[in-house]
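Chemist: here's my sequence, what's the structure:
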Amino acid sequence: MRRLFFLSVVLAFLMAAAGVRPAAAGKTLTVFAAASLTETLQQVEPLFEKTHPGLDVRLNMAASSRCRIQIQQGAPADVFLSANTSNMDPLVEAGLVEKPVIFAHNRVLIIAPKSNPAGIETPADLAKAGLKLVTCSPEVPIGKYTRIVIDKMDVSGDYGSNFKACVEANIVSEEPNVKGIVAKVHLGEADAGVCYASDVTPAIRSEITVVDIPDEVNVIGDYPIAVLKSSAQKALAREFMAFILSDEGQELLAKNGLIPAKPPAQGK
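Modeler: Okay, here's the model as predicted:
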């Protein structure tokens with residue numbers, strides 16, 4: 001008995017020294033998150049599991065609006081990472097989540113197929129007659145941000161008369177999330193789309209055309225994270241949130257094209 005006790009103490013010490021937490025064995029942590037965070041969270045998943053032996057992190061990646069609706073309908077989740085505050089606020093008001101914290105920001109840009117058949121060189125070209133533009137519905141963060149950018153361009157008067165009406169006439173489909181926009185443009189099934197800077201990943205950067213949107217008409221999206229009050233793994237959920245807000249987590253976000261929200265900016 002003493003030998004077993006001694007070995008267990010030594011094992012616990014070694015695991016603690018290595019940053020490993022044994023309490024997660026056999027547990028599952030379900031993370032609902034915006035599709036634009038796919039690459040980042042796919043990198044976070046094994047890192048977090050490594051420090052929590054036996055833990056299974058399950059990612060549910062979709063449009064923030066879809067994640068929010070699923071949570072409202074009672075879908076089991078432990079953590080929610082949204083691409084905007086508009087889909088987090090209803091959950092706060094309903095008392096379904098703990099206090100959210102802004103963990104990152106994202107800006108948007110225009111993408112076209114590598115061959116660029118529509119000849120898109122500036123944001124003004126989104127109003128070209130016959131252009132096939134793909135976006136998402138206004139309920140999806142990227143769809144909302146796209147329309148904000150179009151409104152800003154239209155109000156500025158620098159992008160031609162009837163700019164907004166012409167761009168809206170060019171919308172040929174509304175995808176379920178931003179990854180759908182990127183896929184259609186990448187495959188040449190659309191002439192253009194608006195996505196996040198973080199969606200131009202190394203895997204597709206050389207295979208698409210990117211057109212920047214000037215800062216004065218661009219939009220910076222705020223990304224909040226919160227722990228679900230219904231979570232059966234609140235301690236682990238809070239640890240996951242802490243990892244995202246840590247220097248390591250913030251560095252991963254930056255490497256994947258997002259703008260990290262370092263303290264004391266978090267939550268502001």
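
Chemist: what's in contact with the strand or helix carrying residue 237?
Modeler: In the assignment (DSSP states H and E), residue 237 maps to helix 234-245. Residues outside helix 234-245 that contact it (CB atoms under 8 Å, 6 or more residues apart in numbering) are 21, 23-24, 27, 29, 31, 44, 47-48, 52, 55, 57, 78-79, 81, 101, 103, 225-228, 231, 249-250, 253, 263, 266. Yep, even glycine has a C-beta here, placed from its N, CA and C like the rest.

Chemist: now these: which count as buried?
Modeler: By neighbour count, with 16 or more other CB atoms under 10 Å, the contacts of helix 234-245 hold 21, 24, 27, 29, 31, 44, 48, 52, 55, 57, 78-79, 81, 101, 103, 225-228, 231, 249-250, 253, 266 as buried.

Chemist: residues contacting the closest residue to residue 76 other than its chain neighbours?
Modeler: The shortest distance from residue 76 to any non-neighbouring residue, by CB to CB, 6 or more residues apart in numbering, is to residue 30 (6.0 Å). Residue 30 sits next to 58, 60, 76, 77, 78, 79 when contact means CB under 8 Å, 6+ apart.

Chemist: how long is stretch 169-181 end to end?
Modeler: Terminal residues of stretch 169-181 lie 17 Å apart, using CA to CA, to the nearest Å.

Chemist: can you classify residue 112 as helix, strand or coil?
Modeler: Of the three states, residue 112 takes strand under DSSP: H, G, I helix; E, B strand; the rest coil.

Chemist: what residues are up against the closest residue in space to it that isn't next to it in sequence?
Modeler: In space, and not counting its chain neighbours, residue 112 is closest to residue 209: 4.3 Å by CB to CB, 6+ apart. Taking CB under 8 Å, 6+ apart, we find residue 209 in contact with 111, 112, 113, 114, 116, 120.

Chemist: coming back round to it: of all the contacts of residue 30, which two lie farthest apart?
Modeler: Using CB to CB, the contacts of residue 30 reach their maximum pairwise distance at 76 and 79, which is 11.6 Å.

Chemist: mind putting the contacts of residue 30 in JSON lines, pLDDT included?
Modeler: Formatted as JSON lines, the contacts of residue 30 follow (pLDDT from 0 to 100):
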{"residue": "58", "pLDDT": "98"}
{"residue": "60", "pLDDT": "98"}
{"residue": "76", "pLDDT": "96"}
{"residue": "77", "pLDDT": "97"}
{"residue": "78", "pLDDT": "98"}
{"residue": "79", "pLDDT": "98"}
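
Chemist: can you give me the helices in the stretch 1-150 of the chain?
Modeler: In the stretch 1-150 of the chain, helices defined by DSSP state H, counting those that start in this stretch lie at 2-17, 38-50, 64-72, 89-93, 141-156, listed in chain order.

Chemist: redo those helices as TSV? Include distance to residue 258 and mean pLDDT.
Modeler: Formatted as TSV, the helices of the stretch 1-150 of the chain follow (distance: least, CB to CB, whole Å; pLDDT from 0 to 100):
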stretch	distance to residue 258	mean pLDDT
helix 2-17	31	40
helix 38-50	7	97
helix 64-72	14	98
helix 89-93	21	98
helix 141-156	13	97
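
Chemist: could you dump the ones you listed to CSV with distance to residue 183?
Modeler: Shown next, in CSV, are those (distance: least, CB to CB, whole Å):
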stretch, distance to residue 183
helix 2-17, 42
helix 38-50, 12
helix 64-72, 17
helix 89-93, 28
helix 141-156, 13
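
Chemist: can you say which of those is nearest to residue 259?
Modeler: Here helix 38-50 is closest among the helices of the stretch 1-150 of the chain (CB to CB), at 12.3 Å.

Chemist: determine the set of other helices and strands touching that closest one.
Modeler: strand 28-34, strand 56-62, helix 234-245, helix 247-255 (3 or more CB pairs under 8 Å, 6 or more residues apart in numbering; DSSP states H and E).

Chemist: would you mind measuring from residue 111 to residue 128?
Modeler: Distance from residue 111 to residue 128, counting by CB to CB, to the nearest Å: 15 Å.

Chemist: right, I'll call it a day here.
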